[in-house]
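K.L.:
no sequence for this one, just the structure:
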């Protein structure tokens, strides 16, 4: 099969391209810009385009399939040529469904936690050498690529993103998978550029729940009132398995899970991660892993990439970075760090980087999200606001939205860096939360802070 990727450089797109290359397909691709790690990984498999840009000559009737990434636009030259030739055009979720129609599809959904839960499930299955197909949005230790497709595996585990599928397919990705087994971790308004009201956003999870196959299994976090309402009100003929935060305690900076086999020390921490663990246990059990085997494997799970990832540590200071950027994630992550290190000062540094977080009408959602920090800093780039063609956001708007006493706000990367290097970090946890990089902050240099 001859497959061409339009916008091959995306996180999921480049992993899918590599997976299909490994499966023996003929793969080509284009993009106008590709950054690492996608660039170096595509180069490793000789899939990196020779030059950046869009080229109509790459599109011909010899192609069996074109896979279209969200980064492309509706007027993309290659897309227009593919449409003109009548080629079969898939978004990557559409293509993943086509590849898994005859498998048991396990889809992990939710506004937050889905990457971690998917990673937990894959970690446990890998530990017990249970082969499955998968697609997950973060790099997991011990996995070469985060998309794996075979003919023979019975299960496929998919991270179910609620964002749109492609420029010409405005359905949320997770509406296309039609799961046999699904999980909902939590619902908190996000992607306001696409879902302008919370009710509109909530509706996407109702559609997801109703898209499950007849007799399917829904695992859901009953401590999240929005999730509980969506699942409880669904009239789809599915089996419902609620979960909640398991019993646990913290001792000497380590979180222990209380189990029937005794107290189990974990490498992860935080209420949200313990909820994620409880959900992943149900999923694994429905995939044939019993409870004792789950606990044996999960004890060595250290987290998904960029999810409470420890950057550096000494006797006085520990530094974490986390992908948290939406209000619910910021609150959960800050709370988790404070609870785990309650005898230390927590210095929380949040970058407002996404479309939602830089939207003046959405800012009020951040009220109270940094309350568990002893000292809080918000960084944002006015240039990023302009690039996203949003209304100007002022420091006063941010201060009013967060309602955090003495909130420190920076818009200049150098001034933010100077602040960090002037801080006394003795007996401190330094927490970075962002889906960006604070205007080019080098985390190798950040290690020099301690």
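P.N.:
In hand now; what should we look at? It should be emphasised that the depicted structure is a prediction, and the values quoted were computed from it without experimental measurement.

K.L.:
who does the helix or strand containing residue 209 touch, helix- and strand-wise?
P.N.:
Taking DSSP states H and E as the definition, residue 209 sits inside helix 198-210. When contacts are defined as 3 or more C-beta pairs under 8 Å, 6 or more residues apart in numbering; DSSP states H and E, helix 198-210 packs onto strand 169-172, strand 181-184, helix 225-233. The C-beta positions use only the backbone N, C-alpha and C, and glycine is treated the same way.

K.L.:
tabulate these (JSON lines), appending mean pLDDT, distance to residue 96 and mean neighbour count.
P.N.:
JSON lines is the format used below for the helices and strands packed on helix 198-210 (pLDDT from 0 to 100; distance: least, C-beta to C-beta, whole Å; neighbours: other C-beta atoms under 10 Å):
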{"stretch": "strand 169-172", "mean pLDDT": "95", "distance to residue 96": "13", "mean neighbour count": "16"}
{"stretch": "strand 181-184", "mean pLDDT": "98", "distance to residue 96": "15", "mean neighbour count": "27"}
{"stretch": "helix 225-233", "mean pLDDT": "98", "distance to residue 96": "23", "mean neighbour count": "17"}
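
K.L.:
closest one to residue 261 among the ones you listed?
P.N.:
Among the helices and strands packed on helix 198-210, strand 181-184 comes nearest to residue 261, with 24.1 Å by C-beta to C-beta.

K.L.:
lowest-scoring secondary structure element of this structure by mean pLDDT?
P.N.:
Least confident helix or strand, the chain: helix 382-387 with a mean of 78, by mean pLDDT, DSSP states H and E.

K.L.:
residues making contact with that helix?
P.N.:
If you take C-beta atoms under 8 Å, 6 or more residues apart in numbering as the criterion, helix 382-387 is touched by 353, 358, 391-393, 411, 436.

K.L.:
any chance of the helices and strands packed on helix 198-210 in CSV, plus distance to residue 4?
P.N.:
What follows is these, written out as CSV (distance: least, C-beta to C-beta, whole Å):
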stretch, distance to residue 4
strand 169-172, 17
strand 181-184, 31
helix 225-233, 38
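
K.L.:
circling back to that earlier point, state the next helix or strand along the chain beyond the least confident helix or strand of the chain.
P.N.:
Past helix 382-387, the next helix or strand by DSSP H and E is helix 395-402.

K.L.:
now do that next one, average pLDDT.
P.N.:
For helix 395-402, mean pLDDT is 95.

K.L.:
return the set of buried residues in the least confident helix or strand of the chain.
P.N.:
384-385 (16 or more other C-beta atoms under 10 Å).

K.L.:
after whichever strand or helix holds residue 418, next one along is what?
P.N.:
Counting by DSSP H and E, the element that carries residue 418 is helix 413-422. Proceeding N to C from helix 413-422, the next assigned helix or strand is strand 428-433, under DSSP H and E.

K.L.:
by contact count, what packs against the very next helix or strand once past that next one?
P.N.:
Downstream of strand 428-433, the next assigned helix or strand under DSSP H and E is helix 443-446. With contacts defined as 3+ C-beta pairs under 8 Å, 6+ apart, the packing partners of helix 443-446 are strand 309-313.

K.L.:
for residue 163, give me its contacts.
P.N.:
So, once contact is read as C-beta under 8 Å, 6+ apart, residue 163 ends up touching 70, 172-173, 191, 194.

K.L.:
let's go with 7 Å and repeat that
P.N.:
Residue 163 is in contact with 172-173, 191, counting by C-beta atoms under 7 Å, 6 or more residues apart in numbering.

K.L.:
out of those, which is nearest to residue 136?
P.N.:
Using C-beta to C-beta, these come closest to residue 136 at residue 173, 13.0 Å.

K.L.:
hang on, isn't the closest one packed against residue 161?
P.N.:
Yes - counting by C-beta atoms under 7 Å, residue 173 touches residue 161, with 4.6 Å between them.

K.L.:
helix or strand: which one has the most centrally placed residue in the chain?
P.N.:
In the chain, the residue lying closest to the centroid (C-alpha atoms, centre = their mean) is residue 115, at 4.6 Å. Using DSSP H and E, residue 115 maps to helix 114-127.
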